[in-house]
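K.L.:
Sequence first, then the predicted structure:
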Amino acid sequence: MRGLRTALGLAAALAVTATGMALADASCARRIVNKSGYIALVSRDGGPWVAVRPGRSQTINYYQSGRIDVALTCGPGALPEQAAYRASYDTVAIIDRCYIRFGDGFFEEQLGGGFIGRKDTGPLALNNPRQGDLVVGPQAGACPAIERGAISARY
């Protein structure tokens, strides 16, 4: 009887451990908000570029740690290589905690990544208003008036 209890206890411990390992992947829905006059192109982990038009937002899901690339362009057909601004950041996604890593690691354990803004990320606001959110601020500027008119035209 004692051997049966030990075997059942060991099986239960292994099941809990396996469940805990499966939950290590994250599933966080965050927002990319574009408050600028540029078209923001965003790519996660080298995947396809997603366009976020001026005044719009887009949901992004972090399932695992990786990388996020951002390019600010003019015109709907502009490529990321033609961007007026381009940046890449590491992302961290563990269970229900997702954020964009930046900064130099100064007091990172105590305050969180990038808490003290010692690395300029302008015109982007990272981890704001929630951890993992990315906002392209209005100070980023806008495309020239001719292109801006073409972007807002309706046919």
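P.N.:
Received the coordinates, thanks.

K.L.:
Tell me which stretches of the protein form strands.
P.N.:
28-34, 39-44, 50-52, 57-62, 66-73, 85-94, 97-101, 124-126, 134-136 (DSSP state E).

K.L.:
I'd like to know which of these is closest to P144.
P.N.:
Nearest to P144 among the strands of the chain is strand 66-73; the distance by C-beta to C-beta comes to 12.5 Å. C-beta here means a position set from N, CA and C on the backbone, and glycine is covered the same way.

K.L.:
partner strands of the closest one, parallel or antiparallel?
P.N.:
strand 39-44 (antiparallel), strand 85-94 (antiparallel) (DSSP bridges).

K.L.:
winner for burial among the ones you listed?
P.N.:
Looking across these with neighbours counted as mean count of other C-beta atoms under 10 Å, the highest average goes to strand 39-44: a mean of 21.

K.L.:
That one to strand 28-34, inter-axis angle?
P.N.:
Strand 39-44 runs at 160 degrees relative to strand 28-34, counting by axes from the mean of the first three to the mean of the last three C-alpha atoms, to 10 degrees.
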